[in-house]
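Student: coordinates only, no sequence provided:
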Ligand SMILES: [Zn+2]
């Protein structure tokens, strides 16, 4: 095993606090801790595994509802670890046993009646082409099983329940044995149009199971998977070779909007990092670091997530931006793992920017739901999947990001030096040293960090966006003064994607997500040209109804993008419904061009549509 550069906090030793935690606690309560969550939400997620009906009525392929239970339980297991709530700890154990009642004698536990249905062949692929479920090759048997195994492994780790761990081992044994018997490598299973990345993301929990049990069979199967990402014939995604080919990821193969499925792909990269941890195979780490950098350049959208609604299509080259919350969640996870392993603070910058912007904008303030697609303007897209009332892919994943951010608050390196990574109000204890962080960061500019031990060696991360961070010390209280750098962020107008405004193109349709009337504001305000954005510290700012902007101050086809000599002046503005609110003035060489109220991106629209005043908004300027 390779030791990480940094160690994180145990979840039970951290409390995220301050204004963002109010929404987080509401969300965790509604989605995981409440009676409603335990009875209604979990029951709906459990149903496809009880009925095994994800492949019902489909002669080939099958649905992905079977993922919902695992995603929700993965979140619940971590929230139980964080809260140590005895009732939740009891629930996750009992709920896992309820699911185990549906496990076949051979070990299979999943949502497909035909458990052997894992890949398309010539006949079934053709059937899917002729009668496509959603216009693509829908088949998620192994993906769904991955989430069940991973979630139950986390429950076993938190509750120390050996029977649950045994169930996971039998599930994994059956899967490996079945794949060997069918003689099918994982990279051709599932939706073959996305190059097996859904099934191959099994790598991470497979290795975690190896680390937990020491069973050689699991490491052997992982080692069997790796050569399929290092292929002579170039078949995709071939991470270990393509990582160094100098091309933007979406250009690796034709038709990226088909194959480059963002968060499944990032889940595979997570697995490669785990393979590096277990085996020391440095090429795996180098490939992931290179692909991360590739994505940061070619896929970064102005909400600081990567991708364009679940695909890598060169999102940085599109005038509009929309992003799936699952992608944000996995971009944060991937960045965090790279930080822990390498100790490079640039990865914390990516985490922070994605957390405060795309992620927080996607979690609704009443705690009931998350967006599926977060748009840069007008409104976010809530999405309902597979006729489910209470479950969809993003909302079930979302608690994990709060838990990742909590664990990452403070880290310790191998020499025992602490690094305070994030400055949201929080209390965190690591190796017996307690850190109390206060200051309403990043709406507030001044943060105090009280450290319980005067002898502790502590350093403070200076955010990459921050031109100046002053640190002063008075006994065991450190005061950090941040220059929050109000600024206009320009976007490159070179290499704008050719299909950016093609109404028949995938990105245009994907931006809408659902069919819309031609007069819908999402369509009317679809940008034709690149526009700039505004930022203060790590916060993207939005012109918004909630900030007090009038309708004619919200959208403009014009832009200041590329104009020289611009500056942004912000004056705090009282507001009861926004976290941060300011009167904004855009100046060119000191002369006023435009003035309007703005708020932090999260506050602009973190709820379902929005009445009575509406919550429409735009980050473009
Ligand atoms: Zn999702």
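Tutor: It's in. Nothing here was measured: the structure is a model prediction, and the numbers come from that model.

Student: my impression was that residue 582 belongs to a strand - is that right?
Tutor: Yes: read with DSSP: H, G, I helix; E, B strand; the rest coil, residue 582 is one of the residues of a strand.

Student: just grab the bridge partners of it for me.
Tutor: Applying DSSP bridges to residue 582 yields these beta-bridge partners: residue 572, residue 598.

Student: that one: how many residues sit nearby?
Tutor: Burial of residue 582 is recorded as 23 neighbouring residues (other C-beta atoms under 10 Å). In this view, the C-beta of every residue, glycine as well, is placed from N, C-alpha and C.

Student: ditto for residue 515
Tutor: Using other C-beta under 10 Å as the criterion, residue 515 is surrounded by 7 other residues.

Student: any figure for the gap between it and residue 384?
Tutor: Summarising the geometry, the distance separating residue 515 from residue 384, computed by C-beta to C-beta, to the nearest Å, is 14 Å.

Student: dump the residue contacts of the nearest residue to residue 594 once chain neighbours are set aside.
Tutor: Leaving aside its sequence neighbours, residue 594 sits nearest to residue 586 (C-beta to C-beta, 6 or more residues apart in numbering; 4.7 Å). Taking C-beta atoms under 8 Å, 6 or more residues apart in numbering as the criterion, residue 586 is in contact with 488, 560, 566, 567, 568, 592, 593, 594, 595, 621.

Student: poorly predicted segments of the stretch 151-300 of the chain, please.
Tutor: Applying pLDDT under 70 to the stretch 151-300 of the chain flags no residue at all.

Student: and the residue of it closest to the ion?
Tutor: Distance from the ion to each residue of the stretch 151-300 of the chain (C-beta to the ion) is smallest for residue 263, at 7.1 Å.

Student: contacting residues for that residue?
Tutor: Residue 263 makes contact with 310, 324, 326, 327, 329, 330, according to C-beta under 8 Å, 6+ apart.

Student: of all these, which two lie farthest apart?
Tutor: Comparing all pairs in those by C-beta to C-beta, the longest separation belongs to 310 and 329, at 11.9 Å.

Student: between those two, tell me which one has more neighbours.
Tutor: Set residue 310 next to residue 329 and count neighbours by other C-beta under 10 Å: residue 329 wins out with 29 against 23.

Student: where does the more buried one land on pLDDT?
Tutor: Each residue has a pLDDT score; the one for residue 329 is 98.

Student: was I right about it contacting residue 359?
Tutor: Yes: applying C-beta atoms under 8 Å as the test, residue 329 and residue 359 come out as touching, 7.1 Å apart.

Student: please enumerate the shared neighbours of the two.
Tutor: Common neighbours of residue 329 and residue 359, counting by C-beta under 8 Å, 6+ apart, are 398, 401.

Student: so which bits of this protein are right by the ion?
Tutor: By the rule C-beta under 5 Å from the ion, the part of the chain lying against the ion is 326, 393, 394.

Student: now the second one. Nearest residue, chain neighbours left out?
Tutor: Closest residue to residue 393 in three dimensions, ignoring its sequence neighbours and counting by C-beta to C-beta, 6+ apart: residue 326, at 5.4 Å.

Student: residues near that neighbour, how many?
Tutor: Burial of residue 326 is recorded as 26 neighbouring residues (other C-beta under 10 Å).

Student: tell me what the host helix or strand of it is packed against?
Tutor: Secondary-structure element containing residue 326, defined by DSSP states H and E: helix 325-342. Applying 3 or more C-beta pairs under 8 Å, 6 or more residues apart in numbering; DSSP states H and E, we find helix 325-342 packed against strand 6-7, helix 262-279, helix 282-298, helix 346-354, strand 373-375, helix 393-397, helix 399-407.

Student: tabulate these (JSON lines), appending distance to residue 453.
Tutor: Below are those laid out as JSON lines (distance: least, C-beta to C-beta, whole Å):
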{"stretch": "strand 6-7", "distance to residue 453": "17"}
{"stretch": "helix 262-279", "distance to residue 453": "30"}
{"stretch": "helix 282-298", "distance to residue 453": "33"}
{"stretch": "helix 346-354", "distance to residue 453": "23"}
{"stretch": "strand 373-375", "distance to residue 453": "41"}
{"stretch": "helix 393-397", "distance to residue 453": "36"}
{"stretch": "helix 399-407", "distance to residue 453": "21"}
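
Student: and residue 360, that's in a helix?
Tutor: Yes: residue state for residue 360 (three-state DSSP) corresponds to a helix.

Student: spatially nearest residue to it, not counting backbone neighbours?
Tutor: Distances taken as C-beta to C-beta, 6+ apart place residue 602 nearest to residue 360, at 3.9 Å, with adjacent residues excluded.

Student: hmm, residue 356 and that neighbour touching each other?
Tutor: Yes: contact status for residue 602 versus residue 356: in contact at 7.2 Å, counting by C-beta under 8 Å.

Student: out of the helices and strands packed on helix 325-342, nearest to residue 524?
Tutor: Residue 524 lies closest to strand 373-375 among those, at 13.2 Å (C-beta to C-beta).

Student: buried residues in that closest one, which are they?
Tutor: Residues 373, 374, 375 are the ones in strand 373-375 that count as buried (16 or more other C-beta atoms under 10 Å).

Student: ok, residue 428 - contacts?
Tutor: Neighbour list for residue 428: 9, 13, 14, 15, 406, 409, 410, 434, 435, 437 [criterion: C-beta under 8 Å, 6+ apart].

Student: which one of those sits closest to the ion?
Tutor: Of all those, the ion sits closest to residue 406, with 21.2 Å by C-beta to the ion.

Student: next up, the contacts around that closest one.
Tutor: Residue 406 makes contact with 9, 11, 14, 15, 16, 82, 426, 428 under the criterion C-beta under 8 Å, 6+ apart.

Student: restricted to strands, list those residues.
Tutor: When DSSP state E is applied, these are split such that 14, 15, 16, 426, 428 fall in strands.

Student: those residues: which two are farthest apart?
Tutor: In terms of C-beta to C-beta, the ones in strands among the contacts of residue 406 reach their longest pairwise distance at 16 and 428, which sit 9.0 Å apart.

Student: common neighbours of these two, please.
Tutor: With C-beta under 8 Å, 6+ apart as the test, residue 16 and residue 428 both reach 406, 409.

Student: run the chain-centre distance for stretch 135-144.
Tutor: In terms of C-alpha atoms, centre = their mean, to the nearest Å, the centre of stretch 135-144 is set 20 Å apart from its chain centre.

Student: which residues are in contact with it?
Tutor: With C-beta under 8 Å, 6+ apart as the criterion, stretch 135-144 contacts 54-55, 58, 60-67, 70, 110-112, 115, 117-120, 125, 128, 132, 175, 186, 189-193, 198-199, 201-202, 258, 264.

Student: and the end-to-end length of that stretch?
Tutor: 20 Å (C-alpha to C-alpha, to the nearest Å).

Student: what are the buried residues along it?
Tutor: Of the residues in stretch 135-144, those with enough neighbours to count as buried (16+ other C-beta under 10 Å) are 136, 137, 138, 139, 140, 141, 142, 143, 144.

Student: swap in stretch 467-479?
Tutor: By neighbour count, and taking 16+ other C-beta under 10 Å as the criterion, the buried residues in stretch 467-479 are residue 478.

Student: tell me how this protein divides into domains.
Tutor: The chain is divided into the following domains under automatic domain parsing: 418-482, 487-493+529-618.

Student: ok, of these, where does mean pLDDT dip lowest?
Tutor: Sorting the domains of the chain by mean pLDDT places domain 487-493+529-618 lowest, at a mean of 93.

Student: chain center to that domain, what's the gap?
Tutor: Counting by C-alpha atoms, centre = their mean, domain 487-493+529-618 comes out at 25 Å from the chain centroid.

Student: would you map the helices across the stretch 401-550 of the chain?
Tutor: For the stretch 401-550 of the chain, helices defined by DSSP state H, counting those that start in this stretch occupy the ranges 506-512, 521-524.

Student: contacts for the longest one?
Tutor: Read it as helix 506-512. Where contact means C-beta under 8 Å, 6+ apart, the residues beyond helix 506-512 that reach it are 257, 308-311, 313, 318, 320, 322, 375, 497, 499-502, 520, 522-523, 526.
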